[in-house]
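Peer 1: Got a predicted structure here, sequence first:
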Amino acid sequence: MAEYDYDVLVIGAGPGGYVAAIRAAQLGLKTACAEARETLGGTCLNVGCIPSKALLHASELFEEASHGALAKFGVEIEGAKLNLDQMHAEKAKAVGELTGGIEYLFKKNKVTWLKGKAAFQDSSTVQVGDQTVTARDIVIATGSVVTPLPGVEIDQKVVVDSTGALALPKVPEHLVVIGGGVIGLELGSVWRRLGAKVTVVEYLDQILPGFDGEVRKESAKLFKKQGMELKTSTKVTGVTVEGDRATVSVEPAAGGAAETLSADAVLVAIGRKPNTDGLNLEAAGVKLNGRGQVEIDHDFATNVDGVWAIGDVAPGLMLAHKAEDEGVAVAENIAGQTGIVNHDVIPSVVYTMPEIAGVGLSEEAAKERGEVKVGKFPFMANSRAKTNRDTDGFVKVIADAKTDRVLGVWIISSLAGTMIAQAAQAMEFGATSEDIAYTCHAHPTHAEALKEAAMAVQGKPIHI
Ligand code: FAD
Ligand code: NAI
């Protein structure tokens, strides 16, 4: 008789957990995955990446059709109108197809889905709903949850988090977004395009912390040009709700005169925190760090033998692709192989229009480490962006001054999210800016701007 019910039990079926489970099964391990939700795919597929991108795409189409952006191309549309219920229905369809797809992949790979909330009984025994299972190796992939703003109650009607903001039943007149980070800017863009006045209140002096300074400044300019109001260096001191309206009290972060904003929707988007609620980690003896993340080593192993952690619940960027790559790596480590994730080369993308993407170091961070060379190329000088009338943004390549090795790439462009993959691959291969500059790029494409920015590092772009 087997000593354990399973070789591997993964807790959580988000991009980290479901990928870990599939990879473990592919490697011949008897695998189960516990998931408390009714559907697989975690935050990303159910209430994160996927529904937000569906609404970003749909709202982009609406704005183009209804605000005359197509007219200059000779495409005249009269009387375009919004059917928000249909927009939500199409979003739900995409979510359903993708979460169903994971269920199919579980069956195909013989991963057992244990439905219910999991809690440790000891380091190899876990209660899932009303059953108890044992496993030789257990992967904690329980993701993250919204960081609450003290004193502000999320009722999912007037005051919402990202989940509520993905499902508003009508377009708000005035949406106040607390937090000028990725969620605030993406979902703020959705509702602005659909007709809401949007005010973003950000505590820091600039939006998008963690991004390159020049990119943060240029992005703010573009969002303002689109009609979004950005109140930076501003703190929210309280939100009161009366009926279907909220009053948001704000004041300068450094202190000063307070003011109030009247809104019919408030989105709290000030970050996410690791989710270990109800897991009973104490029973397994698993340690958390000071930020509430499960402490792990380079191989994703916790302080307890046979217990591992990946994704948003572990340190690092809270991104789906980071979780997925860790899912593959942890399964390979459990199977006795060498699973590695290069955390220095994880792209970040904000899926607004234009998109904002980066990989590697910002110019500021690179300069702290030594001398750098920087090359920039604006989309204003890129022929494809010109033909598409899509010239906002630039590409910026940061390279080590001595070795020419690429340290960071930042892109603002309608296609930045797709283009950044090339930069990530170049960096993964240890490319120099010269390598990119001498790689033949198809013409006319947005990607040529990356080549030209790399040529600018060398001091010799052609088209500017
Ligand atoms: P999660 O996806 O959070 O999954 C964890 C799962 O574990 C959940 O399904 C949860 O129900 C389950 N669980 C928790 N505790 C238990 C338990 N005790 N027992 C059983 N099950 C449990 N990232 C991107 O890269 N690109 C994007 O475009 C993007 N857009 C986003 C948009 C929004 C609005 C949000 C909120 C996030 C977005 N993210 C995006 C972030 C991305 O969703 C996360 O980084 C990713 O989901 C993390 O994956 P994970 O597997 O670590 O955890
Ligand atoms: P975030 O960390 O990106 O941004 C939060 C913002 O709120 C920061 O700018 C911060 O300075 C500000 N803030 C914090 N406290 C505040 C306060 N009291 N008042 C005003 N501003 C305050 O977090 P966000 O946007 O909630 O997203 C959470 C995570 O989800 C992101 O870190 C990201 O990893 C992930 N995500 C990724 C997406 C993508 O990859 N496209 C899309 C959406 C989310």
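Peer 2: Done, it's in. Predicted model, so just to flag it, every value in this text is computed and none were measured. Ligands and ions are numbered 1, 2, ... in the order given.
Peer 1: For A314, see how far away the residue of the stretch 101-250 of the chain found nearest ligand 1 is.
Peer 2: Residue nearest to ligand 1 within the stretch 101-250 of the chain (CB to the nearest ligand atom): G143, separated by 2.0 Å. For glycine as for every other residue, the C-beta is placed from the backbone atoms N, C-alpha and C. With distances taken as CB to CB, to the nearest Å, G143 is found 10 Å from A314.
Peer 1: where does this protein come near ligand 2, residue by residue?
Peer 2: Contacts of the chain with ligand 2, taken as CB under 6 Å from any ligand atom, map to 149, 178-184, 186, 201-204, 209, 235-236, 269-272, 317-319, 349-351.
Peer 1: taking those residues one by one, which sit in strands?
Peer 2: I178, V201, K235, V236, R272, V349, V350 (DSSP state E).
Peer 1: picking that back up, the residue of the stretch 101-250 of the chain closest to ligand 1 contacts L45, correct?
Peer 2: No - counting by CB atoms under 8 Å, G143 sits too far from L45 to count as a contact (11.5 Å).
Peer 1: which neighbours do these two share?
Peer 2: G14 (CB atoms under 8 Å, 6 or more residues apart in numbering).
Peer 1: Now do the helices in the stretch 101-250 of the chain.
Peer 2: Along the stretch 101-250 of the chain, the segments classed as helices by DSSP state H, counting those that start in this stretch run 162-165, 182-193, 213-225.
Peer 1: Just put those in CSV and tack on mean pLDDT, mean neighbour count and distance to E434.
Peer 2: Shown next, in CSV, are these (pLDDT from 0 to 100; neighbours: other CB atoms under 10 Å; distance: least, CB to CB, whole Å):
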stretch, mean pLDDT, mean neighbour count, distance to E434
helix 162-165, 98, 21, 42
helix 182-193, 98, 25, 33
helix 213-225, 98, 17, 23
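Peer 1: mind checking pLDDT for M1?
Peer 2: M1 is assigned 49 on the pLDDT scale.
Peer 1: Counting neighbours, what do you get for A119?
Peer 2: A119 sits with 17 neighbouring residues when counted by other CB atoms under 10 Å.
Peer 1: Excluding sequence neighbours, find me the nearest residue to it.
Peer 2: Closest residue to A119 apart from its sequence neighbours, by CB to CB, 6 or more residues apart in numbering: N280 at 4.2 Å.
Peer 1: Who are the contact partners of that neighbour?
Peer 2: For N280, the contacting residues are A119, F120, Q121, by CB under 8 Å, 6+ apart.
Peer 1: ok now do the second one, which residues does it touch?
Peer 2: It stands for F120. V126, Q127, I138, L279, N280, L281, A283, A284, V286.
Peer 1: cool, and the first one?
Peer 2: The contact partners of A119, by CB under 8 Å, 6+ apart, come to V126, Q127, G278, L279, N280, A283.
Peer 1: List the beta-bridge partners for it.
Peer 2: Taking DSSP bridges, one obtains Q127 as the residues bridged to A119.
Peer 1: Now do the same for it: its pLDDT.
Peer 2: pLDDT, A119: 98.
Peer 1: Disregarding residues adjacent in the polypeptide, which is nearest to the closest residue to ligand 2 within the stretch 101-250 of the chain?
Peer 2: Here the residue of the stretch 101-250 of the chain nearest ligand 2 is G181; by CB to the nearest ligand atom that distance is 1.8 Å. Spatial nearest neighbour of G181, chain neighbours left out: A269 (6.2 Å); criterion: CB to CB, 6+ apart.
Peer 1: gap between that neighbour and T147?
Peer 2: To T147, A269 is 9 Å away according to CB to CB.
Peer 1: Neighbour count: those two, which is higher?
Peer 2: Ranked by neighbour count (other CB under 10 Å), A269 and T147 place A269 first, with 25 against 14.
Peer 1: doesn't G179 make contact with the more buried one?
Peer 2: Yes - here A269 reaches G179: they are 4.0 Å apart, a contact under CB under 8 Å.
Peer 1: measure stretch 300-319 end to end?
Peer 2: 16 Å (CA to CA, to the nearest Å).
Peer 1: Tell me if that stretch is near ligand 1.
Peer 2: Yes - counting by CB under 6 Å from any ligand atom, contacts between stretch 300-319 and ligand 1 involve G311, D312, M318, L319.
Peer 1: out of the residues you listed, who's nearest E332?
Peer 2: Taking CB to CB as the measure, E332 sits nearest to G311 out of these, at 15.7 Å.
Peer 1: so that closest one touches K322, yeah?
Peer 2: Yes - if you go by CB under 8 Å, G311 and K322 touch, sitting 7.5 Å apart.
Peer 1: Perfect, I'm done here.
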